[in-house]
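Undergrad: Here is the input, now give the coordinates:
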Amino acid sequence: SLHREIRDRLPDGWLDTPDGPVFVGEDNLEYTEGGSSGSRAKAAPEIKNWGDERPYMDLFRAGDSALRVQWLGGYWKLPLEDTDSKDLRGKIVSVAKQGTAPVAEDELVDVYACLGEMVPLLFSSSGSTSLSHNSLSKRYNDLPEFASFVCSRLAASMRPKDKQKSQSILALARAALVKSKEGRPKAACLSYIERNCGVYEAMHLRWPKAEIAFRKSIEALPTNATSRFLIGTAQLEAGSLQVAITFLKQALLLDPDFKAPYVNLGVAYLRSCEYQKAAEASRAGLLRHPVTPQATYNLGLSTFALALADQEAGAEVSSSMLRAEALKHMEAAKESRAQGNLWNEDDQDILEILQSSEPLRLPKKGPVR
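TA: Sure thing, here's the model as predicted:
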């Protein structure tokens, strides 16, 4: 955990000296003024406890606050398959919401030791404590691709509070790449910058401009799954459903654990009345991410449409099974969507159709989309 907090206390065994915090140990609470062997011993300042027994590491002071690293421990993220499975990917790659397992204390110590001073080295440097664009650029002047990337990350973190400044820093980060040599690091960084420029346009609902930036992003790095997902989303907004489906499927091929494309792919299939494919996309997403309310909602709509189609075709058994599945998913969807005021009259109409003992019928709004 890395966070900034007010620095008005020191942990046990630390002294606030003119040269900054110094660890002197629990039993030695005196320090020598001036640092020379002939200097006069001086009573140590009062030590105030952080009130937090977890291991930590102070990075540097910055006015009246400091960045602090806290070692919170760790856990194993579990894959879908057990270790004896023949599915190599299934037993190695972790899956969100699949569960966790505790990590042995000696393994946690090994990880902590391996991390070493990595975080302080990334976030601090002699004579500088600023995380501004200028300080980061100077600090990593000999690594232009990395300097550009960390400045881009800084810009992305600023976007919610200061969109204009975020865009300005992205422009500076792009300009800094000019002096870097061609290669994958430069391409990856440029792709990230263009993607963030597209996100800025999308936040203002300027989808055509956003798509131009997203396409520049995948031109720089064709394997950028997020940019392909965002192009798919832009096409979905524009009503180009088949193009949207193509890009969303590409995003999933590049990153099968990416949750958002499963949701939007289900929406695209629903809008194109491809209900079987909408159900398949939603089930695939829920297999990897079981707690995904929008995917549950999409699956409820698609199975309702399939149940209605089977009823009209005379497939009573299949229709009954799909109806029961649709009811289960729509009830679950109502519980989650009602909290965000996303449940509307059309959704309630479908739910009441499923709950009734009458044969299924078209909703009042017409075919499911």
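Undergrad: I'd like the mean pLDDT over the one helix or strand residue 189 maps to, please.
TA: Here residue 189 sits within helix 184-203, counting by DSSP states H and E. Per-residue pLDDT values over helix 184-203 give a mean of 93.
Undergrad: helices or strands up against that helix?
TA: On a contact count with 3 or more CB pairs under 8 Å, 6 or more residues apart in numbering; DSSP states H and E, helix 184-203 meets helix 144-158, helix 163-176, helix 207-220, helix 225-238. For glycine as for every other residue, the C-beta is placed from the backbone atoms N, C-alpha and C.
Undergrad: Which secondary structure element of the protein has the lowest mean pLDDT?
TA: When the helices and strands of the chain are scored by mean pLDDT, DSSP states H and E, strand 56-62 comes last with a mean of 43.
Undergrad: Need the contact partners of stretch 250-268.
TA: With CB atoms under 8 Å, 6 or more residues apart in numbering as the test, stretch 250-268 has contacts from 93, 95-96, 223-226, 228-229, 232-233, 236, 241, 244-245, 248-249, 278, 281-282, 284-286, 288-289, 292, 294-295, 298-299, 302.
Undergrad: okay, now the closest residue to residue 147 other than its chain neighbours: neighbour count?
TA: In space, residue 147 comes closest to residue 140 once its chain neighbours are excluded; the distance is 3.8 Å by CB to CB, 6 or more residues apart in numbering. Using other CB atoms under 10 Å, residue 140 has 19 other residues around it.
Undergrad: mind checking pLDDT for residue 140?
TA: For residue 140, pLDDT reads 83.
Undergrad: before we move on, back to that, give me the buried subset of the contacts of stretch 250-268.
TA: For these, burial is judged from neighbour counts taken by 16 or more other CB atoms under 10 Å, and it is met by 95, 224-226, 228-229, 232-233, 236, 241, 244-245, 248-249, 278, 281-282, 284-286, 288-289, 292, 294-295, 298-299, 302.
Undergrad: May I have the phi/psi pair for residue 79?
TA: Dihedral pair for residue 79: phi -80, psi 180, per degrees, to the nearest 10.
Undergrad: helix/strand/coil for the residue nearest to residue 83 when sequence neighbours are not counted?
TA: Leaving aside its chain neighbours, residue 83 sits nearest to residue 91 (5.7 Å; criterion: CB to CB, 6+ apart). At residue 91 the chain is in helix, as set by DSSP: H, G, I helix; E, B strand; the rest coil.
Undergrad: residues near residue 91, how many?
TA: The burial count for residue 91: 15, using other CB under 10 Å.
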